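> what would the 3D arrangement of this be:
(2 chains)
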Amino acid sequence: MKAFLRILALGAALISGIGAAYAQNNAISSADWNAYKAKFLDGSGRIVDDANGNISHSEGQGYGLLLAYLAGARADFDLIWSFTKTELLLRDDGLAVWKWEPNANPHVTDPNNATDGDMLIAYALGLAGESWRRQDLLDAGKGIADAIGRAALLRDGKEVLILPAANGFGAKDRTDGPVINISYWVFEAFPVLSNLAPNVDWQALRSAGLGLARDIKLGNAQMPPDWLSLNGEPKPADGFPAEFGYNAIRIPLYLMRAGIDDRKTLEPLLKGMTDGQGNPRTVLLTNVTKDVLSDPGYRMILAMGACVLDRTPIPNELKTFQPTNYYPSTLQLLALSFVARRHGECL
Amino acid sequence: MLMNQRIAVLLLGTAVLLYSSGGRFASIAQVSTPPASTSGSQSNSSTVPQPPAAASPAPSSVAPLPAQDQPPTQAQAQPQPEVDESALRYFAQQGDTKRLEAEIARLRALYPNWTPPADPLAVPVQRDAKLDAMWKLYSENKIAEVRKAISDRQAEEPGWEVPADLLDRLAVAEARERIINASDLKQYDTVIRQASTTPSLLTCGDLDVLWRVAEAFGKTDRASRALDAYRYVLQSCGDEGPQRLATVQKALAVLPRDEFNQLLALEKKSPQGVGEFDSIRDDLARQSVGKGGEDPKAEVAQADLDRVQELAQDKKQPSDALLLGWYNIVRDKPQDAERWFTQARQAEDSAQASQGLALAQIALGKSPDAEDVLYKWRDENEDTQKTYMAAVANMLAIVPPLELAPDRLARIAAEVGKVRDAAAAQQFGWYADALNQFPTAQQWFETALGWKPGDEPSAYGLTLMFWKLNNKQGVTQMQRLWAGRSDRIATVGQPQPQQGQPAQSAIPRQFGPQGATQQPQPQQQRVQPQYAPQPQQYTPQQQQSTGSADQRTDAIPSVPQRYAQAAPEPDPSRYGTTLAAYSEIQPATPAYNRVQQFAQVQTAPEQETVPQRAERAPRITADESAPARPATREEVVVAQNNTSTGSRVSARGCSNTVDPNLLSPRAALQRGWCLLNLKRPLEAGEAFERGLMTRNAKDKEDAAYGQSLAYMQAGLINKAALSASKSRQSQQRSTELQIALLAARANDAFQAKRYNETLIALDERSRLMPEDVGLMALRGYALLGLNRFNDAEQIFGAAAASGSENARRGLLLVRERRAERGAGQLPR
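This is a model prediction of the structure:
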């Protein structure tokens, strides 16, 4: 009975999420977006990961599309989408190849995908297609969302999980497989993806992700690792650092942006990624701080947490956006736009 | 309807011949289902109407296949829309003829009734700077930026209508990018899906796309579709030779032979009767022979083979000879392969030709040639390296062992060490073993095991060497380590069940040159080492330790043997050491080793069994599929001295050839020791001869001692005895030499079946030193050789009581021989 109620409640959350998601158009100021795109969007429509050899990837294209949508920048959206479509959306199964290297020929050398990138792209296409009444975007978004359902999910009984990629992470692919990455759950995307591809069980996916975000607490740190093996008892995946790292740092951001703001879920994550001086950090599962993070993009996640949980005002230095590197700057805009729309009281 | 379509197709078939360019390959449009929808490229379809005909090929365009799936031909039913010629005008204005032609072809395909303007420049241009900028971006292939520019303008000018032609061109350009990118990534389904939604792209104006689509069909098991596409190009896209040839070349890599032959049937001949695809037919034959060289079961038409042979003979291109070489090598025709590879290599010495030639030579039993041929290319790639190692392993496995020049052995050892090739190291072990260089063999086997820990043959070789070197602890340890994993390791040193070979074992086998080249024997002979006097001290410096308790070694007091540099104690830490270490442990100068081998002490055949090794030398792929190395050669455990190695005398100091008479006596003496350590006893003897000319009494004594040892090593017992007398030796040395000489003489005599002399030498020796059980057994066999059964029985009995397996066997032999001669018959 309890379970049933929980499902009902989640269902309500999923449905209520839709309106909120679509209503975010123009949540990023044109000044912030212009600063972002001046630094990370090149003329051909690719988002440049400047801390990573200036490569591009499906995640970056997905973020770029989402931010352009949130900024209401239609022309930039079309620019990014054109590149994404022609350069990455090449796989036979309808998913995007994950990596594009400016100095390689051909630019794509690894045909594998990254499912969070696919999800972000489909999500942004769904948002923009609906808001701007663009059937071409909706069709493309549906194609990717369906492809995720076909090729990038792991179904085990009723449980549905995200495979980080179509190849290489399943039970048959690795001795410690399946291996997942909790930060690939872009919770806010599920209502939109559900609209695009109603036949895929996004609800079950959301439930599983929430369960993981709440329950996976490993080592002295009592935190989830970036890469988690679900072969037997959950444990850090072989070949990856056993740490709550730069991937996982997005988990609380995604939860909050999807309106999941219960203290029980958020607080342990936010505390775990805070060092003794209140700085954001990556942390080994042994609870030894790995990197103390000073970039405003990372600090903003903690500030957003304090805002969501305790209505703590966002510090002034984080309110104004000044791009640093691609990844933290992206996270900062995602956080800022959310606070602007939903927690204006913290600004 | 069906009827009409048939007619249409027939008509189209005619049209195809008339069609020159601008046609569209409509077969693509029939591809199964539309894409799952990655095709968002038909942009803004909700707001911008597509040109009606864009999605449905007009009937007059080329449709090579029955068009049952084709959408109804709306273009016929609907009024022809006005053709947007803005792009055309723009390209004309820019002088971009390539794009201008492509645009004309595209518009023709879309609007069959449309006629291009005679002079596109004459058409009045309505200036629209922003639109011109978009077309400019488009002509620079900055498609995404055009998209952006459109969006920007739409935001600025809400009423602005994007020209449908521009949108269409963008969609097509994006589709083209996707097709090329997906094709590069071998995402063939994407290629076909995208092509099927963008049929306007499939025109003769863009052969690259047609080729890629054809390839995608071919790679997804739709050969007939692929054939259609290639055929379409040949039939519809003009007569330009290079383009037709390129199309057929592309098809060659994609189409199965049957389909490809259909394409070849479209060949045109020059007035002189030369077929335009003649060169392709050559390639086809090459391809066929090439496949035959990869797969021995692949069927290759004789005509193809003949054609390539003609080409190889006429044009002398090494590539053709190579094809034939590989073809023959995988079909076990090494002689033919050798011929072709040789031809290829003569035309151009390449890694591939050398590797092939080496493989053929290995197969023909000419592995030393193979080693030589491939040495230059050994590091070129993994294949050449493997083949080189196979050549090395095979040449080391040759029986009787090859005499290899020192520099050649050195380079081989260096390579084996560099590559850490366990199989070749193992063969080095057997090679050293065959030359009776047991400590060296031991090290090679240890090295092989270090590189490949589970290698049973190497473990067996190592155990065998331990046994031969009387390292009982080593044998026991190996047997413990390999318990349950190797029967033959377990039985090393154990008596073999009698196998009814009395005749063979009754008479001691002869050693020496004949013995060394004998056919494999099932039995190993061995003298049980007991203890020995100390003639093994070679260098004067070692003299002071002579006679000390720890100098007692379980050695046969006979011809003193030296084992080059290779006698240090086994040391597992040597595994994986540097190159220098490997060359150190290489078997020393073989030529002299042969001499030494022939001079080997021979004693009675002890029938302790050494299980036979049946290693196979790596052949071709170093995978142990090689000819069995004829394993057994008689082996003798000889005196060796692990503690007083020759390392004190540098081998480097005498590797050259020098007339010792040009040296000072002292230098000649040093050189003598050095040569002795290098197993060059005859040269050492000459050096010591010069050394004898000293006035220094001590040096003279050393020289005489050394010369005696040298001649013993060379098997020249009488000369050794003479040398010993050339200078007064210390009592101790004198006795040592005497004991060693007598044992050597006894063995020598025994080998020559001069049993009485054997006994005399042994008697003399026994006055200087008690006889060990090994020599007791030798005495027993000598007595047996004289048919003195009772005496033999007695001495064998005594030695057997001391634990000699050899003697125990002697006892059995005595009984057998008696039985043969009849009970009670005891002739003397």
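
> need the contact list for the most centrally placed residue in chain A.
Central residue of chain A (CA atoms, centre = their mean): residue A:186, 4.4 Å from the mean position. With CB atoms under 8 Å, 6 or more residues apart in numbering or on different chains as the criterion, the residues that contact residue A:186 are A:116, A:119-120, A:123, A:254. (C-beta placed from N, C-alpha, C; glycine too.)

> can you tell me how far it sits from residue B:654?
79 Å (CB to CB, to the nearest Å).

> kindly report the same for residue B:291.
57 Å.

> more neighbours, those two?
Comparing residue B:291 with residue B:654 by other CB atoms under 10 Å in any protein chain shown, the one with more neighbours is residue B:654, at 23 against 15.

> next one: that one from chain A, what distance?
56 Å (CB to the nearest CB, to the nearest Å).

> what's the closest non-adjacent residue to that residue?
residue B:674 (3.7 Å; CB to CB, 6 or more residues apart in numbering or on different chains).

> wait, that neighbour sits on residue B:660?
No. Residue B:674 is beyond contact range of residue B:660, at 11.2 Å (criterion: CB atoms under 8 Å).

> which residue ranges of the stretch 1-150 of chain A form strands?
Secondary structure of the stretch 1-150 of chain A (DSSP state E, counting those that start in this stretch): strands located at A:56-57, A:99-100.

> tabulate those strands (TSV), appending distance to chain B, mean pLDDT and mean neighbour count.
Formatted as TSV, the strands of the stretch 1-150 of chain A follow (distance: least, CB to the nearest CB, whole Å; pLDDT from 0 to 100; neighbours: other CB atoms under 10 Å in any protein chain shown):
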stretch	distance to chain B	mean pLDDT	mean neighbour count
strand A:56-57	12	96	24
strand A:99-100	10	96	25
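
> point out where the stretch 701-828 of chain B drops to low pLDDT.
Applying pLDDT under 70 to the stretch 701-828 of chain B flags the ranges B:822-828.

> sorry, wrong one. I was asking about the stretch 101-250 of chain A.
If you take pLDDT under 70 as the line, the stretch 101-250 of chain A has no such spans.

> what does it have sitting close to chain B?
Taking CB under 8 Å from any CB of the partner chain as the contact definition, the stretch 101-250 of chain A meets chain B at A:106, A:108, A:111, A:125, A:133-137, A:139-140, A:142-144, A:146-147.

> neighbours around the nearest residue to residue B:301 once chain neighbours are set aside, how many?
In this structure, residue B:301 finds its nearest non-sequential neighbour in residue B:288, 6.5 Å apart by CB to CB, 6+ apart. Residues within reach of residue B:288, counting by other CB under 10 Å, total 22.

> who touches residue B:288 in this structure?
Residue B:288 touches B:257, B:300-301, B:304, counting by CB under 8 Å, 6+ apart.

> next one, pLDDT for residue 15 please.
Picking chain A for this. On pLDDT, residue A:15 comes in at 46.

> ah, I was thinking of chain B
Here, the pLDDT recorded for residue B:15 equals 28.

> coming back round to it: can I get whichever strand or helix holds the residue nearest to residue B:654 in PDB, CA atoms only?
Per DSSP states H and E, residue B:674 falls inside helix B:665-677. Output of helix B:665-677 as PDB, limited to C-alpha atoms (Å, rounded to 0.1, in the frame of the first residue of the first chain):
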ATOM      1  CA  PRO B 665     105.500 -15.400 -23.200                       C
ATOM      2  CA  ARG B 666     103.500 -13.900 -20.300                       C
ATOM      3  CA  ALA B 667     100.900 -12.400 -22.700                       C
ATOM      4  CA  ALA B 668     100.700 -15.700 -24.500                       C
ATOM      5  CA  LEU B 669     100.100 -17.400 -21.200                       C
ATOM      6  CA  GLN B 670      97.300 -15.100 -20.400                       C
ATOM      7  CA  ARG B 671      95.900 -15.600 -23.900                       C
ATOM      8  CA  GLY B 672      96.100 -19.400 -23.400                       C
ATOM      9  CA  TRP B 673      93.900 -19.300 -20.300                       C
ATOM     10  CA  CYS B 674      91.500 -17.000 -22.100                       C
ATOM     11  CA  LEU B 675      91.300 -19.300 -25.100                       C
ATOM     12  CA  LEU B 676      90.900 -22.300 -22.900                       C
ATOM     13  CA  ASN B 677      87.900 -20.600 -21.300                       C
END
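
> so what secondary structure elements neighbour it?
helix B:681-691, helix B:697-713 (3 or more CB pairs under 8 Å, 6 or more residues apart in numbering or on different chains; DSSP states H and E).

> please name every helix or strand in contact with the shortest one.
Contact analysis of helix B:681-691 by 3+ CB pairs under 8 Å, 6+ apart lists helix B:590-598, helix B:665-677, helix B:697-713, helix B:717-724 as its packing neighbours.
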